[in-house]
Structure formats: C-alpha cells, structure tokens
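[1] Generate a structure from the sequence data that follows.
(chains A, B, C and D)
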2 protein chains.
Amino acid sequence: MLSFTEENYLKAIYRLSDSGSKSVLTNEIAEVMNTKAASVTDMVKKLSNKDLISYEPYYGVKITRQGKLGALMIIRKHRLWETFLVEKLQFNWDEVHEVAEQLEHIQSPLLIEKLDEFLGYPTADPHGHPIPDKNGKVQSVKQIALSDAILNKKSTLKSVTDGSPAFLQYLSKIGVYIGATIAILEKIEFDGSLEIRIDNKRKVFISRDAAQNLLVTE
Amino acid sequence: MLSFTEENYLKAIYRLSDSGSKSVLTNEIAEVMNTKAASVTDMVKKLSNKDLISYEPYYGVKITRQGKLGALMIIRKHRLWETFLVEKLQFNWDEVHEVAEQLEHIQSPLLIEKLDEFLGYPTADPHGHPIPDKNGKVQSVKQIALSDAILNKKSTLKSVTDGSPAFLQYLSKIGVYIGATIAILEKIEFDGSLEIRIDNKRKVFISRDAAQNLLVTE
DNA sequence: ACATTTTTTTAGACCAATCTAAATTTTAAC
DNA sequence: GTTAAAATTTAGATTGGTCTAAAAAAATGT
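    Numbering: from 1, shown residues only, chains lettered A, B, ... in the order given. Got it, this is the predicted structure:
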C-alpha cells in the first residue's frame, strides 16, 4: 500500500523515464516534484526498498516492472476520472487536471472497474491521452506533431501534449478540439507558425509552439 | 484547509455531539476514532485553535457554528458520493461506505456542485440519510422506529440507522429496501420481535434489534 | 470527607515527509 | 591530471499524527 506521496513520486519517475525506458536523476525528480534533492534521496530509498525502482546512489533511478505497473494504474485512474468529469459532469477540459490529481489516489479496485464500465471502456481521456487497461496495456496510435504534418493534407487532432489550462482555453477559443479536422494551409518560414483550417471552415494562424503541442493522425 | 485526519475528527465530534447539541468527552472520541485519549487531546487543541470546536480541558469539547458547517459539508460530500456509487455505478448499498470515506475528502467545490446536479439534487442517500444542501441545511422528515409503529398500519421505510454491510445485506436478503411498504402483522411479547409484511407480499419475522434500526413514516 | 478509581492531560518518543547545511562524489575545465 | 563546479548524499532538525508512561484532575464510594 503506497502513500499519496509515494504514488506521486512513482508517477513522476515514470513520466521522467519516458515510460520506464531510461534512468532518472535526483535533481530532475526534485524539480518536477517541487521539492529538494535531499528529500528525493530519502523517498527514492523508500521506493527502492519496495522494489518499485532500482536505485544506484549518484547515478539516478530506474523504474522496475512492478513500479511501471503501479504508475500505469495511477495514470489509468487519473484519466478515467478526467473522462468522467468531462463526459458526465460537464467539466471543461481545462478544469479537470487538479481534481483528477486528487481522485487518482482513491483506493478501490471495484470503483475503477465500475467507473470504467460506466464510461463505456474509453481508450483516451479528454486530452487524447491513452487510458491504460486494467492490465496496464496502453493502446498507442501513431501520432505526429501538427508542425510536422504535410501541407494541405487533412488530419484529425488526436491529442494535446501540453495540458495546461491556459493552452487548452486558447484552443477552445480558436475552435480546436480533440477530433477536429485540421489542414495546414501555409507554413510561415520566418517563425514556423502555421495557417490552418479547422473543420473545413475556420482559418487561423497558430504559433510553431502551439503546433508542436498538437498531435494528429493523417 | 483541513487535513484528512482533522476532517475525520471533526465529523466524529459532530456525530457524537448529536449534531452539535451536546459536548463530547475525550474518551468517546478516542473510541470512535480507534485511537488513544492522548492523541485526541492533541488533536482537539488543533481544532480548537482553528475555532472549529471550543475545548475546556477535562470537560470535553463543543462544536462551534463554523465547525458544524464544516462537518456538514463533509457529510454532504459523503452522501452525495454514496448516492453516485449506487445510482450511477450500480454499487450495492452495503458496498459504498468505505469508498465514500475516501471520496468525502476530495477538495473541489465545483466537483460537488456538478455532482449534485448530475444526481438531480438528491435529498437522501442510499440509506435514507438526508443530504445537507450547499448551505448546510438539512431537510428532516419525522421518522419513527418500526419497533414503535402501530400494528397493521402501512408505513414506508425511509432510512436505516445501522449502515453496516452485515445488516444491509440481511435486509436485501429478506426483501427490505428504502421505500418499501411495511406493515406490522404481530408483535411478539416474549422477545420484542415482529412479524411484518413487505410490499403487501412477503411475510417475515425480524428481531427487535432489527426493527429498532428501521425508520419509517406513516 | 477522604481514599480510590476513572478520566484526562502532559512529557517524551517515534515515524513519515520535509527542510537546511555540510560532506561527499561525480563531472567538467583547463 | 589536478582543480573547480555541479550534483548528490548524509546529518540533524522540524512538523503532523501517533504512541506509552507518568502526572494531574475529576468522579465515586463508603
């Protein structure tokens, strides 16, 4: 049984390790956890004792198979709750993250099972991020950044990399949403910004930065 | 902002004080919180500093107006979540308490507002207990124990006093549920047990103990 | 009304999670 | 390859919630 804090560390380490593929340094963890390196060292020892990560002093940590599964279960809960909040409670997609950060720590396998069923076994959350199944399997679809898409070719927005309220509100404002059809009308050489058409209707300019945070399938 | 633990103490004190009407002794709190008197003393000092209770050493604590409101908000959340679990996620009424004990601590006024709306502003939870509104108002209906009801008069089951899984499962088994029509066919002098008819159909015997935990309106 | 029992509080300690400051190890520079 | 800089760990302290054991206050019995 993990504490609230242990779960948050585990999730952060999983994210920083690129889903478990590379090892993570103490300072990186300290930064994303808004804490100090000394605190991280203590916590890393605890998680290591529980075999969720392997820890080599001065050389960072690697997540174990068991740790990866634990992290995936937390992410599963987070994304199912976000889906619930948007689909059932009519939250906007920029309002759900903070609440889901709390809800993801509720311990009840039955609850998650029933929530999943209630939502119709969704495979992606409101930001397009895949929801791991109860065995930790993640269904991944090939997606490319809109900034790398081909000119004039219609694509479908599948997910957003940056989930900050500011960015999401901006997207809503210009009419961009998950599932929207987007075509690049022009690539501006000067600053990498794009003129795009949304749903064959609205034309807008978006920055290179924004375009890099929109993932589409062709 | 109260901690998880502080909230649980506050709720316990509210319950023990009969909704704030009488003062509560240290040992009573220790008992329901499954902790020691020394720990309670420490905690009541904390809650007292936050003006949620007033604390007189050696004479117990009284809940303040502010503390009462705080307790009611936690109870509101608990009962809304229980209602959600039963009505939307198809939990049985004996499975919801433990999960709601966790969910009641989620901090998000917007969430509760939207959950309340989603559920259609229910006034009672799956056990028939009233759900305080967002201002802390509790709608109370006059209810009497089935053991005190009049012979042969039809009544409607409004709530159960004992919410333990064992009792609730027993009730389900004999066909008793919130809203059921119940009439007492016979009162057995010897042990206070009753023969009752449920929904004008099924006849069963229930103990005096069980009858005291069933609240009905005539 | 005094002694005994019960209840409550205080004192001192522990664990988890955190911090600062100091020490250590690794890395990078030249 | 030595030294300076950066990263990490250790040591020691703090806070919240808990405990045990001892002290203090209140209630009880005769």
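[2] Would you mind listing what in chain A touches DNA strand C?
    Chain A has residues A:3, A:5-6, A:34-36, A:38-39, A:42-43, A:46, A:58-59 near DNA strand C, with proximity defined as Cβ under 7 Å from any atom of the strand. Using the backbone N, CA and C atoms, a C-beta is placed for each residue, glycine as well.
[3] ok, now with 10 Å
    Proximity of chain A to DNA strand C (Cβ under 10 Å from any atom of the strand) is limited to residues A:2-9, A:25, A:30, A:33-43, A:45-47, A:49, A:56-60.
[4] Is there a quick PyMOL command that grabs whichever of the residues you listed are buried?
    Filtering those down to the buried ones (16 or more other Cβ atoms under 10 Å in any protein chain shown) takes a single PyMOL command:
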select buried, chain A and resi 2+6+7+8+9+30+33+40+43+46+47+60
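[5] Looking at the residues of chain A next to DNA strand C, which are in helices?
    Per DSSP state H, helices hold the following members of those: A:4-9, A:30, A:37-43, A:45-47, A:49.
[6] List the buried residues in the longest helix anywhere in chain A.
    The helix that spans the most residues within chain A, counting by DSSP H, is helix A:65-87. Using 16+ other Cβ under 10 Å as the test for burial, helix A:65-87 gives A:67-86.
[7] Repeat that for stretch A:87-106.
    Applying 16+ other Cβ under 10 Å to stretch A:87-106 flags A:88-89, A:91, A:93-97, A:99-100, A:102-106 as buried.
[8] now do stretch A:15-22
    For stretch A:15-22, the neighbour count (16+ other Cβ under 10 Å) marks A:16, A:17, A:20 as buried.
[9] what do you get for stretch A:119-129?
    Here stretch A:119-129 shows A:122, A:124, A:125, A:126, A:127, A:128, A:129 as buried, counting by 16+ other Cβ under 10 Å.
[10] The fourth one and residue A:81 touch, don't they?
    No. With contact taken as Cβ atoms under 8 Å, residue A:126 and residue A:81 are classed as non-touching, separated by 10.5 Å.
[11] Please enumerate the shared neighbours of the two.
    Here residue A:126 and residue A:81 have residue A:96 as joint contacts, going by Cβ atoms under 8 Å, 6 or more residues apart in numbering or on different chains.
[12] what's the average pLDDT for stretch A:134-153?
    Averaging pLDDT along stretch A:134-153 gives 94.
[13] Actually, stretch A:52-61.
    Model confidence over stretch A:52-61, given as mean pLDDT, is 94.
[14] still on that earlier bit, pull the most distant pair out of the buried residues of stretch A:119-129.
    For the buried residues of stretch A:119-129, the farthest-apart pair by Cβ to Cβ is A:122 and A:127; their separation is 12.2 Å.
[15] From DNA strand C, how far out is the residue nearest the centre of chain A?
    Closest residue to the average C-alpha location of chain A: residue A:129 at 5.6 Å, with Cα atoms, centre = their mean. Remark: distance between residue A:129 and DNA strand C (Cβ to the nearest atom of the strand, to the nearest Å) = 25 Å.
[16] ok, residue A:134 - contacts?
    Applying Cβ under 8 Å, 6+ apart to residue A:134 gives the contacts A:76, A:112, A:113, A:116.
[17] Could you verify my assumption that the first one touches residue A:129?
    Okay, so that is residue A:76. No. Contact between residue A:76 and residue A:129 fails when scored by Cβ under 8 Å: they sit 10.8 Å apart.
[18] Show me what from chain A comes close to chain B.
    Residues of chain A lying close to chain B (Cβ under 8 Å from any Cβ of the partner chain) are A:85, A:88-91, A:95, A:98-99, A:102-103, A:106-108, A:110-111, A:114-115, A:117-118.
[19] mind running it again at 6 Å?
    For chain A, the residues in contact with chain B (Cβ under 6 Å from any Cβ of the partner chain) are A:89, A:99, A:102, A:106, A:108, A:111, A:114, A:118.
[20] can you list those residues in JSON lines and add pLDDT and secondary structure?
    Formatted as JSON lines, those follow (pLDDT from 0 to 100; DSSP: H, G, I helix; E, B strand; the rest coil):
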{"residue": "A:89", "pLDDT": "98", "secondary structure": "coil"}
{"residue": "A:99", "pLDDT": "97", "secondary structure": "helix"}
{"residue": "A:102", "pLDDT": "97", "secondary structure": "helix"}
{"residue": "A:106", "pLDDT": "97", "secondary structure": "coil"}
{"residue": "A:108", "pLDDT": "97", "secondary structure": "coil"}
{"residue": "A:111", "pLDDT": "98", "secondary structure": "helix"}
{"residue": "A:114", "pLDDT": "98", "secondary structure": "helix"}
{"residue": "A:118", "pLDDT": "98", "secondary structure": "helix"}
